[in-house]
Structure formats: C-alpha cells, structure tokens
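Visitor: here's a sequence, model it:
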Amino acid sequence: MNKKIYYALLLVLVVAVAAFYFMNDRKRFITTEGVVWTTEYHITYEGNRNMADSIEAVLARIDESASAYNQMSLVSQFNTTGVVVPDSVLSTLMQVSKGIYEESKGAFDPTIMPLVQAYKKAAKGKRSPSQGYIDSLCTLVGFSKLKIDNDTIKAGVKGMALDFSAVAKGLACDEVGHMLERNGVTNYLVEIGGEVVAKGVNDRGTKWQVSVDLPTDQVDKTEHASAMVVALDKASVATSGNYRQFAEVGGKRVTHIINPHNGKAEQSDLLSVTVIAPQCVSADAWATACMAMGTKATQELMESNDQLGVLTISADEQGNYVVWSNKAFTKYVSK
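Guide: Numbering: from 1, shown residues only. Predicted coordinates:
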C-alpha cells in the first residue's frame with residue numbers, strides 16, 4: 001500500500017477513535033427510568049456516562065433495609081422478631097420519624113402499620129373492623145413505645161410493626177442525589193413515585209420545573225390537571241393524598257384517614273398536601289403528617305413556617321377545590 005494512503009487512513013482512524021471517545025466523554029443530559037416498590041421512577045442528570053447500575057444499587061440498599069414488603073429486609077426482621085440492629089438507612093428513617101412524630105404530635109407515626117393492615121383486610125371483605133379490634137390494635141401503635149438500647153431497636157409492646165412506606169421514597173430520592181453528587185453530577189432531577197429532589201438546572205439552563213397535580217377520582221386517568229408549577233434548585237417536593245381514593249359524600253369530596261391516636265378511619269376534606277423542603281425524606285414525612293392532621297391543623301401549624309413550603313388542596317361544602325399555601329411555598333411558584 002502506498003505510504004501516503006496508509007498514513008492518511010491511519011490518521012482518519014485516529015481521528016475517528018478520538019472523536020468517539022470525545023463524544024462519549026462529553027457531558028450530556030441522561031434519563032434513567034424504571035420501576036421500584038410498584039411505582040415508576042424517572043431520573044435525569046447531566047453526566048458523561050450512564051449510571052443506571054449505581055442508581056439501582058442505591059434503591060436496592062434502601063429496599064433491603066426499609067421495605068416492609070421485602071421479607072428479608074431489616075424492617076421485616078423487626079416486624080417478625082420485635083428487635084433489629086439498624087443500618088445507616090434505618091437509623092436515618094428512625095431519626096427523621098422521631099422528630100416529625102414529636103413535632104406533629106403523633107400525626108406521623110410509622111408504627112401505625114397494624115391498623116393499616118386491619119383496614120386493608122376489612123376492605124377486601126367489604127366490611128369495617130370492629131371497634132374492639134381497633135382498640136386492641138391501638139395498644140401496638142405509638143412511636144414513643146419503641147425502645148432504642150445500645151443501637152438496637154426493640155418493640156416496647158409485643159406485636160408492634162414498622163412501615164416506612166411514607167418516607168422511603170423520599171429517602172431514596174435523597175440517596176440517589178447524594179450518589180450522583182459523589183460522581184461529580186451538579187445538575188439533576190430525581191423523581192420516584194411523585195417525590196422529587198432537584199439540584200442545578202435542566203437542559204435549557206433553567207431551574208427544574210415540577211407540576212403539582214390537582215387530585216382526581218378517575219382511577220384510570222393518566223394525564224392530570226396541574227394546580228401549579230414550582231421551580232426547584234437544591235430543594236425537594238413531596239405530595240401526599242388519596243388522589244384516587246376520595247369519594248362524594250353528601251355532594252362533598254372527602255378522604256378517609258386513619259387517626260393514629262384512636263385508630264378510627266375519619267373523613268377529611270383535605271385531598272392532598274404538597275411540601276417543599278431541603279431534604280425529600282422530610283418533605284415526604286411532613287406531607288403524610290399533614291394529611292393525618294387535616295386542613296385546619298396543617299394551616300395553623302405551617303402558616304408561619306419559613307423552612308417548609310406547604311400547599312393544601314381541600315374541598316368546600318359544594319365539593320369545589322380550595323387551594324391554600326404558606327408564604328414559604330409561594331416563592332417556589334413558577335411565574
């Protein structure tokens with residue numbers, strides 16, 4: 001082969017290889033999607049490589065610790081034996097839960113699981129659990145009954161059970177975000193089942209835009225009307241509500257919330273609560289706590305709170321939506 005042709009082809013090959021590695025090393029926005037805990041997740045981040053395996057590893061670690069539906073998890077170990085030595089994930093959930101349990105005066109309580117299971121079982125049989133049975137289960141409920149001794153969590157009453165479903169997704173969002181940051185990512189949005197943590201900017205160079213949906217009673221509806229859009233950077237948002245489980249009672253929209261204090265399934269005009277906080281685990285827990293507290297108590301507690309942005313969507317006497325937010329929330333609303 002002519003030397004000139006040979007060197008020309010070699011040069012083309014070198015340039016092609018260099019271009020290939022340059023293109024693959026260049027930062028770009030990547031989206032990873034999947035399913036965890038029967039819900040979808042969507043994660044978008046600016047980076048030079050796909051980190052789907054690392055994301056799945058983070059989710060698996062949380063599942064192995066906090067899932068009450070994974071029979072091999074630490075939480076399931078506690079629910080079976082009444083004792084467990086927590087790892088860092090479970091310790092974090094316990095710490096966050098303790099703080100919000102106390103601040104909400106027991107409205108947020110991960111030990112409510114026996115009552116939740118009782119109502120689910122009764123619903124399958126199209127009946128209500130007896131008051132006597134509910135009263136007996138209430139003796140198993142109460143976060144303050146848990147005993148923590150030498151880094152070991154023990155049930156204060158035999159038969160207590162933990163369920164961190166109300167905060168596990170929020171913690172998972174935080175932990176995926178931390179993993180991305182450890183790998184040099186500065187712009188990302190992590191969404192798991194509607195809970196979101198966002199940092200930096202999107203591919204248009206603006207803050208991440210997240211829609212807060214209006215509640216709907218249409219079970220099969222895939223598109224939702226938006227109540228408003230919030231712009232996030234270094235912030236998290238979580239929404240709790242019986243979106244597809246509210247009913248019309250006397251012409252009024254209501255939901256049924258289990259009261260951790262008396263075990264009763266009480267009617268509430270509060271359809272959903274959205275909370276914006278620095279950490280998604282806290283936003284997730286507070287959204288659940290506010291749902292249990294109801295409209296009036298939530299608004300009274302959060303009216304002057306400058307650390308948490310709170311939005312409530314309730315229903316008036318005619319069944320119309322009533323939207324309320326505190327000042328801390330309004331600063332995030334996209335104009």
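Visitor: where does pLDDT dip in the stretch 1-150 of the chain?
Guide: When residues are selected by pLDDT under 70, those of the stretch 1-150 of the chain lie in 1-25.
Visitor: run the last query once more with 50
Guide: Counting by pLDDT under 50, the stretch 1-150 of the chain contains low-confidence ranges at 17-22.
Visitor: can you give me the helices for it?
Guide: Under the criterion DSSP state H, counting those that start in this stretch, helices of the stretch 1-150 of the chain are mapped to 3-25, 52-66, 74-81, 88-103, 113-124, 131-138.
Visitor: quick one: which of those is nearest residue 276?
Guide: In terms of C-beta to C-beta, the element of the helices of the stretch 1-150 of the chain nearest to residue 276 is helix 88-103, at 15.3 Å. C-beta: built from backbone N, CA, C; applies to glycine.
Visitor: if we can go back for a sec, let's have the helices of the stretch 1-150 of the chain in TSV, adding distance to residue 235 and mean neighbour count.
Guide: Below are those laid out as TSV (distance: least, C-beta to C-beta, whole Å; neighbours: other C-beta atoms under 10 Å):
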stretch	distance to residue 235	mean neighbour count
helix 3-25	30	10
helix 52-66	20	18
helix 74-81	28	18
helix 88-103	17	18
helix 113-124	30	16
helix 131-138	37	14
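Visitor: so which of these gets nearest residue 193?
Guide: Distances from residue 193 to each of the helices of the stretch 1-150 of the chain were compared using C-beta to C-beta; the minimum, 11.5 Å, belongs to helix 52-66.
Visitor: re earlier: of the helices of the stretch 1-150 of the chain, which is nearest residue 315?
Guide: Using C-beta to C-beta, those put helix 113-124 closest to residue 315, at 22.1 Å.
Visitor: now do that closest one against helix 74-81, angle only.
Guide: Between the axis of helix 113-124 and that of helix 74-81 there is an angle of 90 degrees, by axes from the mean of the first three to the mean of the last three C-alpha atoms, to 10 degrees.
Visitor: give me the contacts around helix 113-124.
Guide: The set of residues external to helix 113-124 that reach it, using C-beta atoms under 8 Å, 6 or more residues apart in numbering, is 68, 79, 128-129, 133-134, 137-138, 140-141, 159-163, 258, 260, 263, 265.
Visitor: please apply the same query to stretch 91-108.
Guide: Residues from elsewhere that reach stretch 91-108, judged by C-beta under 8 Å, 6+ apart: 66, 86, 109-110, 142-144, 148, 153, 164, 166-168, 171, 260-261, 281-282, 285-286, 288-290, 292-293, 297, 301.
Visitor: repeat that for stretch 289-308.
Guide: Contacts with stretch 289-308, where a contact means C-beta under 8 Å, 6+ apart, come from 100, 104, 107-108, 240-242, 255, 257-260, 268-270, 272-273, 275-278, 282-283, 286, 310, 312, 314, 324, 326-328.
Visitor: one step back: filter the contacts of helix 113-124 to the buried ones?
Guide: Burial by neighbour count, 16 or more other C-beta atoms under 10 Å: within those this picks out 68, 79, 129, 134, 137-138, 140-141, 160-163, 258, 260, 263, 265.
Visitor: identify the farthest-apart pair in the residues you listed.
Guide: In the buried ones among the contacts of helix 113-124, two members sit farther apart than any others by C-beta to C-beta. They are 79 and 265, at 22.0 Å.
Visitor: so which of the helices of the stretch 1-150 of the chain is nearest residue 189?
Guide: The stretch from those with the least distance to residue 189 (C-beta to C-beta) is helix 52-66; that distance is 12.8 Å.
Visitor: tell me what the closest one is packed against?
Guide: On a contact count with 3 or more C-beta pairs under 8 Å, 6 or more residues apart in numbering; DSSP states H and E, helix 52-66 meets strand 28-36, helix 74-81, helix 88-103, helix 165-182.
Visitor: and residue 213, its phi and psi?
Guide: phi -80, psi 150 (degrees, to the nearest 10).
Visitor: list the beta-bridge partners for it.
Guide: As for beta bridges, residue 213 partners with residue 226 under DSSP bridges.
Visitor: looking at this, residue 275 is in a strand?
Guide: Yes: under DSSP: H, G, I helix; E, B strand; the rest coil, residue 275 falls within a strand.
Visitor: quick check: bridge partners of it?
Guide: When bridges are assigned using DSSP bridges, the partners listed for residue 275 are residue 238, residue 310.
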